[in-house]
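Peer 1: Provide a 3D model corresponding to the input given below.
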Amino acid sequence: MQNTNKTVVKSMEILRLFIAHDQLTLNEMIELSGMPKTSVHRMASSLADMGLLEKQETGVYRLGLMFLEYGQLVADRLDIRRIARPFMESLRDEVGEAVQLIVREGDEAIYVEKIEGTQPVRLYTAVGRRSPLYAGACARSILSFLPESERLAYIDSIELGKIGIGTITDKEVLRNMLEESNARGYTLSYSELENYTAAIGAPIFNHLGEVAAGISIAGFEAGYQKERLPYLIKQVKKAASDISRELGFSEQIKSQ
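Peer 2: This next block holds a predicted model:
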């Protein structure tokens, strides 16, 4: 820290004030920072010249539009597979089931990462596989948490085809299931994509509070009986929450 530039550090202290405040006057920045008036005035002017702050006609300062550009760059460059994988491995080690990560592509879900379970028999899902958003807990973990208008529009436009013996083919049943999943924070499926298998999924949210991906565990139905479900659900939701937090999500964003 010996080579730290004091001006840069103080400028960052000024910028950090705007994490908790939408806008500030010069006097408010002086009061909150405890810095001399001349220093704050000089730094605020320089930050405004660089586009990091924006001075309104009323004299108040706000964060500049450049932060939107930087923020979008950070969001675009976040590799969800890289971020999610350690949590997926921990989840697999905890429950012993296969763990899958999906993202949405149009009306489909695409599997972008998978970690095999500890069981000797493997499920046939693989990276690159696609499935409709309505089928299976993993895909429905995205569909269930889209805005309600988007969910309803999807249901109206889609034709529900049978894939496994448990695939939902009734739109009213699907609509009710999506509402229930949204309320409880996870999805559950039995024999929807592959007969005699089960899955539990949960949504992953980004820094904007939007559902960005879904994570699920999957295995044979015998391992997903009623007495074990609460434990499995808790672990899947925890992994989804941990990944969401790494993507910049917080409950405060969701409640806004």
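Peer 1: List the buried residues of the strand or helix carrying Glu179.
Peer 2: Here Glu179 sits within helix 171-184, counting by DSSP states H and E. Neighbour-count burial for helix 171-184, counted by 16 or more other C-beta atoms under 10 Å, picks out 174, 177-178, 181-182. (C-beta placed from N, C-alpha, C; glycine too.)
Peer 1: Mind listing residues that contact that helix?
Peer 2: Here helix 171-184 makes contact (C-beta atoms under 8 Å, 6 or more residues apart in numbering) with 134, 140-141, 143-145, 151-152, 155, 160, 168, 187-188.
Peer 1: ok now it, how far from the chain's centre?
Peer 2: 20 Å (C-alpha atoms, centre = their mean, to the nearest Å).
Peer 1: Let me know the average pLDDT across that helix.
Peer 2: Averaging pLDDT along helix 171-184 yields 93.
Peer 1: Next secondary structure after it?
Peer 2: strand 187-190.
Peer 1: What strands flank that following strand, and is each parallel or antiparallel?
Peer 2: strand 197-205 (antiparallel) (DSSP bridges).
Peer 1: angle of the helix or strand following the strand it pairs with against strand 197-205?
Peer 2: Next helix or strand after strand 197-205 toward the C-terminus (DSSP H and E): strand 211-220. Here strand 211-220 runs at 160 degrees with respect to strand 197-205, directions being taken by axes from the mean of the first three to the mean of the last three C-alpha atoms, to 10 degrees.
Peer 1: List the buried residues for strand 211-220?
Peer 2: For strand 211-220, burial by neighbour count (16+ other C-beta under 10 Å) applies to 211-219.
Peer 1: which other helices and strands contact that strand?
Peer 2: Judged by 3 or more C-beta pairs under 8 Å, 6 or more residues apart in numbering; DSSP states H and E, strand 211-220 is in contact with helix 80-95, strand 98-105, helix 137-143, strand 197-205, helix 229-246.
Peer 1: Identify the neighbouring strands of it in the sheet and state each direction.
Peer 2: strand 98-105 (antiparallel), strand 197-205 (antiparallel).
Peer 1: Format the CA atom coordinates belonging to it as CSV.
Peer 2: Output of strand 211-220 as CSV, limited to C-alpha atoms (Å, rounded to 0.1, in the frame of the first residue of the first chain):
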residue,chain,number,x,y,z
VAL,A,211,-33.6,-14.7,-13.8
ALA,A,212,-30.3,-15.5,-15.6
ALA,A,213,-30.0,-19.2,-15.4
GLY,A,214,-31.2,-22.3,-13.6
ILE,A,215,-29.5,-25.0,-11.6
SER,A,216,-30.8,-28.4,-10.8
ILE,A,217,-29.9,-31.8,-9.3
ALA,A,218,-31.2,-34.9,-11.1
GLY,A,219,-31.2,-38.6,-10.5
PHE,A,220,-33.4,-41.6,-10.2
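Peer 1: how big is the angle separating that strand from helix 80-95?
Peer 2: Using the same axes, to 10 degrees: strand 211-220 against helix 80-95 is 30 degrees.
Peer 1: Tell me how far strand 211-220 lies from the chain's centre.
Peer 2: Per C-alpha atoms, centre = their mean, the centroid offset for strand 211-220 relative to its chain is 13 Å.
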